[in-house]
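Need coordinates for the below:
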Amino acid sequence: MRIRIGREDMRLLNQCRSLTDQPAKSGANVSSQSSASHPTRNIGIIAHIDAGKTTVSERFLFYSGKEYRMGEVHEGSAHMDWLVEEQERGITITSAATSFRWSDAVLNLIDTPGHVDFTAEVERALRVLDGAVGVFCGVAGVQAQSETVWRQADRYNVPRIAFINKLDRVGADYFRVLENVSDAFSVDTLPLNIPVGTESDFRAVIDLVTMKQYSFDSESLGATVVESDIDADQEELAELWRGELLDKVADHDDAVMELHMEGEDVPEELLRAAIRKGTLGRVWVPVLGGSALSNKGIQPLLDAVVHYLPDPLDVPTVEGQDPKSGDPIQVPCTGEDPFSALIFKVQIDTHGELLYMRVYSGELEKGKTAMNPRTGKRERVNSIHRMHANSRENLEKAVAGDIVAVTGPRFSGTGDTLCEAKKQVMLEEPVFPETVISMAIEPRSGQDRDRLQEILGRIEREDPTFRTEINEETGQFVMSGMGELHLEVIRNRLERDFKVNANIGQPRVAYRQMVSKEATSRVKVERQLGGKDQFGEVSLTLVPLQPGMDDEESDPVVWDGGVPPIAPEWVQAVQGTVESCLSGGGSLGFPFIQVQARIQLPPITPETTEAGLAVAAREAFDEAHEKAGDVLLEPLMQFQVSTPEEYFGSIHQDLVRRRAQIEDVDLVHDIRKITGKVPLAEVFGYTTGLRSLSQGRAGFSMEPVGFDSAPPEVAERFRF
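Here you go, the predicted structure:
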């Protein structure tokens with residue numbers, strides 16, 4: 001028997017390695033070296049809500065020596081959940097970044113939310129990460145939001161490791177969830193360890209690479225890992241899964257195949273290299289198991305992150321585009337090339353604005369300037385920080401591969417690129433979903449109006465899925481977001497953090513509209529407006545579009561025959577009027593989607609005026625819209641309900657009553673999983689109703705999947 005390094009030894013070792021591994025106090029003036037001199041892993045933890053992401057993150061920090069107290073989500077003491085709202089609710093709301101060492105590598109970690117209302121945090125994190133750890137509940141397996149975050153990682157081609165958590169829970173089954181992951185995502189899973197014991201008897205894991213058994217000492221909170229030979233009653237099972245591992249790897253690696261076919265032992269380093277190659281190529285997804293809350297299986301997961309997930313240098317180039325021509329550009333990801341970085345998050349706190357960015361090439365020193373090609377402005381970077389949740393560690397510079405936060409830029413935000421002025425490039429922006437729910441808010445006095453508008457603007461800058469607009473008829477501010485919880489959290493921030501003096505309404509569905517058929521109208525205006533004769537003539541066609549068209553084909557406003565050779569302000573008067581109509585016109589008053597307005601100007605006469613063209617454009621839009629007819633679109637949500645069998649009948653009937661489209665009903669370990677689509681308007685406050693139907697034993701999750709036509713009786717409620 002051999003005992004691997006314990007937590008106290010790790011702490012002392014890390015202290016000797018570098019002072020930068022100590023938790024940084026906010027604003028501490030520590031001049032740190034870049035992580036570029038060490039192997040780096042930029043990783044995120046992604047999962048369905050309550051799968052254990054933050055608990056895994058807290059164990060990472062504890063076992064690496066970054067933190068010397070183990071934070072717990074259920075106690076509100078997790079270091080990565082630093083917002084008051086997160087501590088009170090026991091969920092992650094905003095992605096938190098940290099950095100620590102494990103083995104000889106520096107790990108830059110982003111812990112992401114699991115609730116669908118905060119999916120933008122996952123989206124922008126995955127945009128800049130090189131690898132991810134997908135966490136799955138050992139009982140529930142793949143859940144609704146598991147699928148969402150997995151698709152997001154697919155969009156950015158992020159290699160992943162899967163961790164099956166909570167193996168000590170009643171009903172946990174590692175091998176069932178292993179198969180579940182493979183089937184749900186159509187991926188080839190590659191188990192790297194298997195559990196010893198099930199449910200409450202889960203006590204160790206068998207490493208199929210080293211063929212050793214690892215248990216975790218409870219007195220040291222799992223920090224001391226005990227390595228031993230495999231238990232006799234587990235040897236046959238371990239040999240079986242070791243054979244499966246070698247067979248899969250041999251199919252993709254000639255050196256492993258040659259040794260395996262000859263019956264010789266495959267050296268550990270050769271096997272790890274082959275697994276790493278397949279992981280980076282997304283041939284398979286390595287899978288490990290454990291229980292974060294019981295402090296089992298975390299160190300092998302950290303080892304796997306270092307062994308198998310990519311270093312920034314494993315990604316030779318990223319694609320951008322020339323800001324002037326729009327032509328694609330390949331950006332080499334090395335420290336020797338011109339500087340380029342993507343801003344993926346803006347965070348506003350008491351110290352001002354922090355802009356989180358991933359450096360893809362070159363380096364940037366504190367106090368230097370960089371160009372924002374979108375705005376054409378130079379931005380000065382006053383300070384550079386390596387973050388640990390809401391604590392900062394000052395750096396002198398950031399280099400290729402670093403994920404840091406900076407202060408200073410005034411005209412840059414989420415999705416902007418900073419680069420060298422002589423070698424400009426625009427990197428790909430994260431893509432964020434449409435808002436589906438809104439809430440009215442109005443100041444209680446005229447004096448509060450400007451302050452409220454400023455605060456809403458700050459939150460909108462921070463959160464790319466939060467929108468505000470002013471209702472022209474009522475003068476109210478309308479806040480839009482991703483769900484009830486999203487707007488509730490923002491409401492609490494307004495009242496608690498910003499001390500806003502305002503009346504806040506109830507959440508309501510953010511409907512959209514489109515036209516039912518193509519229609520054209522040509523309007524000629526000859527009248528007096530404002531004491532002056534105004535003339536203008538505009539022809540406008542409204543065309544319904546199919547979802548999924550190319551960006552250029554689906555532009556909401558286009559000019560038939562190209563932009564006419566008239567004064568730019570006249571072009572803007574016509575186009576601006578049409579865009580205003582599309583943002584909320586017609587008899588329903590909701591914004592238009594999947595509609596294209598095609599404008600044509602008959603020959604301009606000497607009598608034509610700017611105001612006349614604007615009036616003609618508005619009247620042409622209204623007439624074309626009346627001919628085309630309108631269709632109310634309501635947001636649809638993809639849902640999943642998990643319920644014990646005894647409550648299935650009543651829950652199914654309730655879903656049908658709510659106009660749900662049931663797509664699948666599955667039985668998994670005595671639990672019915674109902675999936676389908678349902679209008680958002682029908683599931684406001686659904687969690688409360690579900691609790692009463694199931695005595696609190698059923699679970700519910702949902703995510704937006706688009707819009708669909710609402711029934712005529714729903715549309716009639718909004719006509720005026």
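
burial of the residue lying closest to residue 64 once chain neighbours are set aside, as a residue count?
Sequence neighbours aside, residue 100 is the residue nearest to residue 64 in space, at 4.4 Å (criterion: Cβ to Cβ, 6 or more residues apart in numbering). Just so you know, the C-beta spots here come from the backbone N, C-alpha and C atoms, and that holds for glycine as well. For residue 100, the neighbour count with other Cβ atoms under 10 Å is 22.

wait, what's in contact with residue 100?
Residue 100 makes contacts with 21, 60-61, 64-66, 106-107, 109, as judged by Cβ atoms under 8 Å, 6 or more residues apart in numbering.

Same question for residue 364.
Taking Cβ under 8 Å, 6+ apart as the test, what residue 364 contacts is 339, 341, 370, 381, 384, 397-398, 418.

And the pLDDT at it?
Reported pLDDT at residue 364 in the predicted model: 94.

partners of whatever helix or strand it lives in, with directions?
Assigned by DSSP states H and E, residue 364 falls within strand 363-365. Strand 363-365 pairs in its sheet with strand 397-399 (antiparallel), by DSSP bridges.

Mind listing residues that contact the partner strand?
Strand 397-399 has contacts (Cβ under 8 Å, 6+ apart) with 34, 36, 335, 341, 357, 359, 362-366, 384, 404, 406.

Pull out the buried members of these.
34, 36, 335, 341, 357, 359, 362-364, 366, 384, 404, 406 (16 or more other Cβ atoms under 10 Å).

roughly how far apart are residue 389 and residue 328?
Distance, residue 389 to residue 328, by Cβ to Cβ, to the nearest Å: 37 Å.

Oops, could you answer that again for residue 289 instead?
42 Å.

which of these two has more neighbours?
Taking other Cβ under 10 Å, residue 289 and residue 328 do not tie; residue 289 has more neighbours (28 against 9).

check contacts around that one.
Residues counted as contacts of residue 289 (Cβ under 8 Å, 6+ apart) are 138, 163-165, 167, 174, 193-195, 205, 297.

Dump those to JSON lines, plus secondary structure and pLDDT.
Shown next, in JSON lines, are the contacts of residue 289 (DSSP: H, G, I helix; E, B strand; the rest coil; pLDDT from 0 to 100):
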{"residue": "138", "secondary structure": "coil", "pLDDT": "94"}
{"residue": "163", "secondary structure": "strand", "pLDDT": "97"}
{"residue": "164", "secondary structure": "strand", "pLDDT": "97"}
{"residue": "165", "secondary structure": "strand", "pLDDT": "96"}
{"residue": "167", "secondary structure": "coil", "pLDDT": "96"}
{"residue": "174", "secondary structure": "helix", "pLDDT": "96"}
{"residue": "193", "secondary structure": "strand", "pLDDT": "96"}
{"residue": "194", "secondary structure": "strand", "pLDDT": "96"}
{"residue": "195", "secondary structure": "strand", "pLDDT": "96"}
{"residue": "205", "secondary structure": "strand", "pLDDT": "97"}
{"residue": "297", "secondary structure": "coil", "pLDDT": "96"}
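
contacts for the lengthiest helix in the chain?
Of all the segments of type helix in the chain, defined by DSSP state H, the longest one is helix 610-628. Helix 610-628 is touched from outside by 515-527, 529-530, 532, 534-542, 544, 567, 569-570, 573-574, 576-578, 581, 585-586, 597, 599, 601, with contacts defined as Cβ under 8 Å, 6+ apart.

Looking at those residues, which are in strands?
Among the contacts of helix 610-628, the ones falling in strands (DSSP state E) are 515, 519-527, 529, 532, 534-542, 544, 597, 599.

Report the buried members of these.
Buried members of the ones in strands among the contacts of helix 610-628, scored by 16+ other Cβ under 10 Å, are 515, 519-521, 523, 525, 534-542, 544, 597, 599.

Return the alpha-carbon coordinates of the host helix or strand of residue 214 using CSV.
Assessed by DSSP H and E, residue 214 sits inside strand 212-216. Provided in CSV are the C-alpha atoms of strand 212-216 (Å, rounded to 0.1, in the frame of the first residue of the first chain):
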residue,chain,number,x,y,z
LYS,A,212,-4.7,0.7,-9.1
GLN,A,213,-7.5,1.3,-6.6
TYR,A,214,-7.8,4.7,-4.9
SER,A,215,-9.7,5.4,-1.7
PHE,A,216,-10.1,8.7,0.1
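
partners of that strand in the sheet?
According to DSSP bridges, strand 212-216 has these partners: strand 204-207 (antiparallel), strand 225-228 (antiparallel).
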